[in-house]
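1. below are the sequence and a predicted model; questions follow.
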There are 2 protein chains.
Amino acid sequence: MAYRILIFEDNTRLRQSLELLLDDEQLFTVSASFPDCDAAAEMVREYDADLVVMDIDMPGIGGIEGVRQIKNAKPEVKVVMHTMFDDDNRIFDSICAGADGYLLKKTSPLQLVSALQEVMSGGVAMSPFVAQKVFQFFRQSNPATPQYNLTPRETVILELLVKGNSYKMIADKSSVTIDTVKKHLQNIYHKLHVSCGTEAVAKALQHKIVKLE
Amino acid sequence: MAYRILIFEDNTRLRQSLELLLDDEQLFTVSASFPDCDAAAEMVREYDADLVVMDIDMPGIGGIEGVRQIKNAKPEVKVVMHTMFDDDNRIFDSICAGADGYLLKKTSPLQLVSALQEVMSGGVAMSPFVAQKVFQFFRQSNPATPQYNLTPRETVILELLVKGNSYKMIADKSSVTIDTVKKHLQNIYHKLHVSCGTEAVAKALQHKIVKLE
DNA sequence: GAGTCAATTACACAATCGGGTAAGGGAGGC
DNA sequence: GCCTCCCTTACCCGATTGTGTAATTGACTC
């Protein structure tokens, strides 16, 4: 049984090319294709689609909002973005909206087909350039952690501060006096090279010195 | 000119298989291979390597630390992890250490070769399962943002606070009096449902109400 | 024109924060 | 034993933060 595909793509020529290309594969059947995704969620239900190929820049609601609606309506359907745009925001937003892949339009037909197969077997598909962007984002969101040499006690005190506790509350929860808390925080501020609590919280969260939850 | 490859892999059979496989390709030359990566950075320099295939679980320093050292010594060399492990931490740490790819050992020889080619042409290589993990992490790190209805003015004030400015500094930079700043922050605290600056900073960063840099 | 809301300032008061300084006890290393 | 480092407490004092109340201006809406 072939996978049922829906295509959303406003460029008529490209849409037809995709139809021909994918329908030619044994593994796929193109159930329908549309020049916009205003009724994307309905169509996915209507055709009981397994896989959606989605352009981003379309009249009406864009492809990113389209993904969101589709995934809301039927989370198990796979959605792969297929677009010319390779800017951080579009990639980023698409993934967060629930896309299972992000392929640039310069992807060759052969690669496109194999990428879609990969998605259907539970994987995720990205053009190498997109993957690079994702890696970059990953790294910068988790920079190599500098060492601040906080003692265990200092770490828990800082954690309590980050969670919004006042000095007094920290003192109670740690079963020490408020003066001790002050002392610890004074040391912490020095080690983090900051001068007040708000700055310390910002640095602790950015550099993931403490973790929330 | 073929790319010079170094292989770090403690399993002798597998190491030899990789040597044979990769050396057989026109595009690659295996310069050397090692059962541990204790001297990885030196070897990379010694052999002027272009590409490193790195196991993770090895005696001595592990592959993740190995990547870090290699990337420190020579950032332009490409490093691809090649391992059995698919747990979040190893994947995550490898990427942050600077890896350009993460392939599971069940990857077929053909896929391995083409993935390495992709890396050498500036891309990034991931097994589909790894890519999925990365996508998952991506999404959960950016949950759908709740609305706090901060006014534009309040937003910039909060940003300044998050960056570590005191009330007085915020007042100067915003060209208003300190009393105005107090008032704005009071309103902000109410809107965020917090009771002090540190809590506000924590919430602002967690919920990405403000962005750093 | 009345009403709402963002932005602004002012003042007073209490609470908290942050620095400096000093000092004792306990754990571990040389 | 001596030294270092962590944890602890205490006191003083100035600066900062946070709350309450009140009032003015301009913009935008009904």
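-> Structure received. Computed from a prediction, not measured in an experiment: that's the story for all the values here. Numbers count the residues shown, from 1 in each chain, chains lettered A, B, ... in the order given.
2. now the helix or strand bottoming out on mean pLDDT in chain A and helix B:128-140, what's the angle there?
-> Among the secondary structure pieces of chain A, namely its helices and strands, helix A:128-141 has the lowest mean (mean pLDDT, DSSP states H and E), a mean of 81. Our comparison of helix A:128-141 with helix B:128-140, counting by axes from the mean of the first three to the mean of the last three C-alpha atoms, to 10 degrees, yields an angle of 50 degrees.
3. would you list every one of the helices in chain A?
-> A:12-23, A:40-47, A:63-73, A:88-97, A:109-120, A:128-141, A:152-162, A:167-174, A:178-192, A:197-206 (DSSP state H).
4. for those, give me a markdown table that also has mean neighbour count.
-> Quick note: C-beta positions are derived from backbone N, CA and C, even for glycine. Rendered in a markdown table, the data for the helices of chain A read as follows (neighbours: other C-beta atoms under 10 Å in any protein chain shown):
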| stretch | mean neighbour count |
| --- | --- |
| helix A:12-23 | 15 |
| helix A:40-47 | 18 |
| helix A:63-73 | 22 |
| helix A:88-97 | 20 |
| helix A:109-120 | 18 |
| helix A:128-141 | 18 |
| helix A:152-162 | 19 |
| helix A:167-174 | 16 |
| helix A:178-192 | 16 |
| helix A:197-206 | 22 |
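5. out of the ones you listed, which is closest to chain B?
-> Between chain B and these, the tightest spacing by C-beta to the nearest C-beta is seen for helix A:128-141, at 2.4 Å.
6. where in chain A is pLDDT low?
-> Counting by pLDDT under 70, chain A has low-confidence residues at A:141-146, A:212-213.
7. the same query, at a cut-off of 80, please.
-> Within chain A, the ranges that satisfy pLDDT under 80 run A:1, A:138-148, A:210-213.
8. quick check: residues of it near DNA strand C?
-> A:166-168, A:179, A:182-183, A:185-186, A:189, A:195-198 (C-beta under 7 Å from any atom of the strand).
9. how far away is A:Q16 from DNA strand C?
-> A:Q16 sits 50 Å away from DNA strand C when distances are taken as C-beta to the nearest atom of the strand, to the nearest Å.
10. for A:E46, same thing?
-> Look at A:E46 and DNA strand C: by C-beta to the nearest atom of the strand, they are 43 Å apart.
11. chain A against DNA strand D: which residues are in contact?
-> Counting by C-beta under 7 Å from any atom of the strand, chain A comes close to DNA strand D at A:149, A:151-154, A:174, A:176-177, A:179-180, A:182-184, A:196, A:198.
12. how far off centre is stretch A:178-192?
-> Taking C-alpha atoms, centre = their mean, to the nearest Å, the mean C-alpha location of stretch A:178-192 is offset from the chain mean by 37 Å.
13. hmm, who's touching that stretch?
-> With contacts defined as C-beta atoms under 8 Å, 6 or more residues apart in numbering or on different chains, stretch A:178-192 is touched by A:148-150, A:153-154, A:157-158, A:161, A:167-168, A:170-171, A:174, A:195-197, A:199-200, A:203-204, A:209.
14. what does stretch A:91-106 give?
-> Outside stretch A:91-106, the residues that touch it by C-beta under 8 Å, 6+ apart are A:14, A:54, A:56, A:63-65, A:67-68, A:70-71, A:75, A:78-84, A:86, A:111-112, A:115-116, A:119, A:124-127, A:129-130, A:133-134, A:137, B:135, B:138-139, B:142.
15. send the alpha carbons of it over as CSV?
-> Included here for stretch A:91-106 are C-alpha records, laid out as CSV according to Å, rounded to 0.1, in the frame of the first residue of the first chain:
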residue,chain,number,x,y,z
ILE,A,91,13.8,26.9,9.4
PHE,A,92,13.5,27.4,13.1
ASP,A,93,9.8,28.2,13.1
SER,A,94,9.0,25.3,10.8
ILE,A,95,10.6,22.8,13.1
CYS,A,96,8.9,24.3,16.1
ALA,A,97,5.6,24.2,14.3
GLY,A,98,6.1,20.4,14.0
ALA,A,99,7.7,19.8,10.6
ASP,A,100,9.4,16.5,10.1
GLY,A,101,11.8,17.7,7.5
TYR,A,102,13.1,20.8,5.8
LEU,A,103,14.3,20.4,2.2
LEU,A,104,15.6,23.2,0.0
LYS,A,105,14.2,23.4,-3.5
LYS,A,106,17.6,22.9,-5.0
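16. how is chain A carved up into domains?
-> In terms of domains, chain A is parsed into A:3-141, A:152-206 (source: automatic domain parsing).
17. for the shortest one, what is the distance to the chain centroid?
-> Right, domain A:152-206. Using C-alpha atoms, centre = their mean, we find the averaged C-alpha position of domain A:152-206 to lie 32 Å away from the chain's own average C-alpha position.
18. the first one now?
-> Taking C-alpha atoms, centre = their mean, the mean C-alpha location of domain A:3-141 is offset from the chain mean by 15 Å.
19. who does the least confident helix or strand of chain A touch, helix- and strand-wise?
-> Contacting helix A:128-141 under the criterion 3 or more C-beta pairs under 8 Å, 6 or more residues apart in numbering or on different chains; DSSP states H and E are the following elements: helix A:88-97, strand A:101-104, helix B:88-97, strand B:125-126, helix B:128-140.
20. strand partners (parallel or antiparallel) of the second one?
-> Sheet pairing of strand A:101-104 (DSSP bridges) gives strand A:78-83 (parallel), strand A:125-126 (parallel).
21. what's the last one in contact with?
-> In this case it means strand A:125-126. The set of residues that contact strand A:125-126 without belonging to it, under C-beta under 8 Å, 6+ apart, is A:80, A:100-103, A:115-116, A:118-119, A:134, B:126, B:128, B:131.
22. 10 Å instead, please
-> For strand A:125-126, the surrounding residues in contact (C-beta atoms under 10 Å, 6 or more residues apart in numbering or on different chains) are A:78, A:80-81, A:91, A:95, A:99-104, A:107, A:111-112, A:114-119, A:131-134, B:123-124, B:126, B:128, B:131, B:134-135.
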